[in-house]
Every structure is written in structure tokens, then in C-alpha cells.
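> here you go, sequence then predicted model.
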Amino acid sequence: MGYSETTNNYNDIRTVLRDLYIDGYKTCRDFYNRYNAESSKATDNKKRRIFNIFNLLGEDIPHYSTENGKVHYLPIDSRTNTNPLYKTFETKKFNTQTLIFYFIIIQYFSDGKQHTLTEIANYYSENYDSADPDDFIDPNTIRNRLNKLVKCGIMQKIQKKNKDIYYIPQYNTDWSKYGTLISFFSETAELGILGYFIKKDLINSQKPDILLFKHHFIVFAIDSEITYTLLQAINEKKQVIITHSEEPEPIICTPLKIFTSTRLGRQYSLVFSEKENRFLFIRLDKIVQVKTGKTSENFNKRLKEFNKIRPFIWGTSLGYHGNFQNPKTCTITMTIQIEETEPYVLDRLIREGRNGTIKKTGASKYTYQRTVFDPNEMIPWIRTFYGRILSFDSDDTSFKEKIYDDVKILYQNVLQNRQRS
């Protein structure tokens, strides 16, 4: 089979992007060693497809040489106003039969009228011209494809006299009025890929985007298909079967929510595993594939149980293996010195304190308190207040000692540096 720049499976593109360009700038040799079950030719085709896609769309992929081989990387400025990774979704491949079918259907419904399945099938048979009779599709296949369009929201279906009637709803929306809004959505929302294509195909404005992002997390874009399937399962209250890159067996679970880290941009799906009887946070970039399963009978029950423990979550650690029935918590209390001339420090404490309580306990003194499952997740944030912390306490003695030891090591390093200088 000849090489093609398009692909039926976007996960091939996603895998190469992540392994060759996002996670550590691997060389081709590293990639071959990891996927040694796959032929070098197949891997080369995936890699070449990425090169051609970006080159055709105006993006050069530079490289540098090392002792282990040539290393390629994506020169992406995170301050850009358009996520360049959305372009990779333009690699979807359709066979000739499918393309012709959709062109015929769009042409038929351009009259703005409603049509029955029989009328659609007759029009298709009259207008489809192929030398190969095997290319022709039967009415049942036509119905299935029309129902897919209905599920996507492109078409609508009603029933009249026990007959399915299809039509394409007409929208008179002037998308150009919402250019800035759609641009913001496409760069910040979990399914911003939708905004990207609306902006690309429906907004014919030549005005440049006025938005510029200082901290722009763009990698989530290549997980859009995973996100969509999970959100669909949440909306329909169904279980999913997750193929995880680091788990030998598929994970059967009920997805409840999707969380995005405002600090790292990393996305997680909060799920409940009936087999393990516990909640789990699963990173979306570790998910290879998601399939929708049966309806979850306990969806509402699990969501209520999670909402009860949610106030005690700082990051993604659920503490003690997510045992929500008998959770153990830890309360930390620290008094911080904040001068009246430093309102920005108090603002940060309020903004980043994640619903912790803050009380003014004296002149330039503020006491912060928070109860969590895993206090170790708070250490990087607590460290940012070293030098301002007047007192620190915790009902977890081992954690309290860990913070005190951490401060001692810090001061020892500072004294050593001063002596050297």
C-alpha cells in the first residue's frame, strides 16, 4: 500500500507528536526502540506524515544533531494566538465513496426541504456514477450515515406517518460578529477544536486576532477526541472502557468530571472504578483509546459521593487510595506576614488558596487554614511563602516535621552560599 499524508486513525498522529516532539524530543532510534513491534517503514510513514502536514501548512520543523542521532522539535511560541496543533486534525482521511455520498447529500438538501429516506436513496442512486458496482451503498447504509449526521447535529430527523423525515436546519448566524469570542473559546475551552474550525471555515474576516496569551497551554488540543468521548459519556451517564498507556488491562469505569490544571494545563478525568470501588484521576494524555460502554446505574450516587470529598482535594491525590467511605484528612495552619503595602501577596493567597480560610490575626498577620487528603501536594505552594511564614502547624506530625526540615535545609544552603561569596 502506498504512502499517504492522511490517516483514518488520528491516534497515529497523536502518538508521534507526543513521543517525538512533546515528551523529550526523542530521536528516531528512541522511537523505534519503544515501538519495536512496528516496522521502521510504518514509523517513518507516520513521522513523514507529520513533516508534510506542518510543512504544507507553513510550519518548518527544525532539528539538531546529537551523538545518538537527529532530533526534531516543534518551534512553537506559547504566546501565539492560534494553537498550531489544531492543524493536525485536517489529516482525516475519507474514501472516495464516502466523499461522494456527502457531496450528493449536501447538494440534494440545498433546496431547504425535508426528504424521506426513500427519496434520498433514489436521488443518490440516480446521481452516483461509478464503474465499480461494489462502490454503491444500500439504503440501510444510507440510513446509518444519515443518523450519524443527526447525532452530530448537522441534520435533524422527525417522524411523519411512521416515516423518517430528514432535513438540514437553516441558521442565519453572522459568525463574523463573534470572531473574538470564538477565538477565545478555541484557545481556552476543552473542545476548542470546534471553535478553530468555525473560525477557519465560517468567519471570512481578515482582521487579526486581538487576543494574545501569556501562558498558553496548547498540548491539550491533540487529546480533543478523548475529551469529546468522555464528555459524551458523562452527558449520557455511561461507563467507558479506557485503554491506558501504562496499564496492562483496560479500565472499566464511570467518568464523572474533567479537570484542567490552571498551573500546568494538564487535563484529568475523574472516574469511579466499580472493580476497585474507588475514585481515580486519569491523565488524558495517558489515554490511548476510549470506548463508550453501558449505562451507569450509580452515576448520580457516585457524583454525590465525590462532591462530599471534593473540598478536601488539593490536586489529584485522593489520599489512601481514594477510600471515600473512610477518608483521612490533614489540617495545616500557617500565619503569614503581609504588610499593608503588599496587597498583591494577600490577593495571591486568596486566589491560590483553593477555598482555604483566611483570617487577619494581627497587624500585618494573616492566618491561612486548609484541610486536605494529601498535604504533600501543597509543599511547592507552601514553599513560595518561605520567609513570610511566622508559624506553621499541622495535625499530621510527620508532615509538620517535613516542612520544618525543609526550611532548615533551605537556610543551611543560604548560609553556605553566603560563606562562599
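That came through, no problem. Since this is a predicted model, take the numbers as computed values, not measurements.
> and the helix or strand harbouring E187, C-alpha only, in CSV?
Secondary structure from DSSP states H and E places E187 in helix 179-188. The C-alpha coordinates for helix 179-188 follow below in CSV (Å, rounded to 0.1, in the frame of the first residue of the first chain):
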residue,chain,number,x,y,z
GLY,A,179,-14.8,36.4,16.0
THR,A,180,-13.1,37.4,19.2
LEU,A,181,-15.4,35.3,21.3
ILE,A,182,-14.8,32.2,19.2
SER,A,183,-11.1,32.8,19.2
PHE,A,184,-11.1,32.9,23.0
PHE,A,185,-13.2,29.7,23.1
SER,A,186,-10.9,27.9,20.7
GLU,A,187,-7.8,28.6,22.7
THR,A,188,-9.1,28.0,26.2
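> after that helix, which helix or strand is next?
For helix 179-188, the following helix or strand on the C-terminal side (DSSP H and E) is helix 192-201.
> what packs against the helix or strand following that following helix?
Note on helix 192-201: by DSSP H and E, the next helix or strand toward the C-terminus is helix 224-236. On a contact count with 3 or more CB pairs under 8 Å, 6 or more residues apart in numbering; DSSP states H and E, helix 224-236 meets strand 238-244, strand 251-260, strand 287-295. In this view, the C-beta of every residue, glycine as well, is placed from N, C-alpha and C.
> can you rerun that using 6 Å?
Under the contact criterion of 3 or more CB pairs under 6 Å, 6 or more residues apart in numbering; DSSP states H and E, helix 224-236 touches strand 251-260, strand 287-295.
> tell me the angle of the shortest one relative to strand 238-244?
Strand 287-295 and strand 238-244 meet at an angle of 160 degrees, taking axes from the mean of the first three to the mean of the last three CA atoms, to 10 degrees as the criterion.
> quick one: contacts of the helix or strand that strand 287-295 is followed by?
Per DSSP H and E, the first helix or strand lying C-terminal to strand 287-295 is helix 299-309. Applying CB atoms under 6 Å, 6 or more residues apart in numbering, the contact partners of helix 299-309 are 237, 254, 256, 272, 324, 327.
> export the residues you listed to CSV and tack on pLDDT?
Shown next, in CSV, are the contacts of helix 299-309 (pLDDT from 0 to 100):
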residue, pLDDT
K237, 97
T254, 97
L256, 97
F272, 95
F324, 63
P327, 75
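> stretch 104-121: end-to-end distance?
Terminal residues of stretch 104-121 are spaced 11 Å apart (CA to CA, to the nearest Å).
> list the helices and strands the helix holding E187 packs on?
Short answer (3+ CB pairs under 6 Å, 6+ apart): helix 179-188 packs on helix 192-201.
> who touches the helix it packs on?
With contacts defined as CB under 6 Å, 6+ apart, helix 192-201 is touched by 86, 182, 185-186, 224.
> repeat that for stretch 388-398.
By CB under 6 Å, 6+ apart, the residues outside stretch 388-398 that reach it are 330-337, 400, 403.
> rebuild the contacts of helix 299-309 as JSON lines, extending it with distance to N144 and neighbour count.
Output for these, formatted as JSON lines (distance: CB to CB, whole Å; neighbours: other CB atoms under 10 Å):
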{"residue": "K237", "distance to N144": "24", "neighbour count": "16"}
{"residue": "T254", "distance to N144": "28", "neighbour count": "25"}
{"residue": "L256", "distance to N144": "31", "neighbour count": "21"}
{"residue": "F272", "distance to N144": "33", "neighbour count": "24"}
{"residue": "F324", "distance to N144": "42", "neighbour count": "18"}
{"residue": "P327", "distance to N144": "47", "neighbour count": "14"}
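> could these be laid out in a markdown table, adding distance to L410?
Formatted as a markdown table, the contacts of helix 299-309 follow (distance: CB to CB, whole Å):
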| residue | distance to L410 |
| --- | --- |
| K237 | 49 |
| T254 | 44 |
| L256 | 39 |
| F272 | 40 |
| F324 | 36 |
| P327 | 32 |
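> and the lengthiest helix in the chain, what's buried?
Longest helix of the chain, by residue count under DSSP state H: helix 397-420. The neighbour-count check on helix 397-420 (16 or more other CB atoms under 10 Å) flags 399-400, 403, 407 as buried.
> go on, stretch 243-263?
Buried residues in stretch 243-263, counted by 16+ other CB under 10 Å: 251-258, 260.
> nearest to I158, out of the helices and strands packed on helix 224-236?
Across the helices and strands packed on helix 224-236, I158 has its closest neighbour in strand 287-295 (25.5 Å, CB to CB).
> can you tell me the strand partners of the closest one and which way each runs?
If you go by DSSP bridges, strand 287-295 pairs up with strand 238-244 (antiparallel).
> how far does the partner strand sit from its chain's centre?
The chain centre lies 16 Å from the centre of strand 238-244; the measure is CA atoms, centre = their mean, to the nearest Å.
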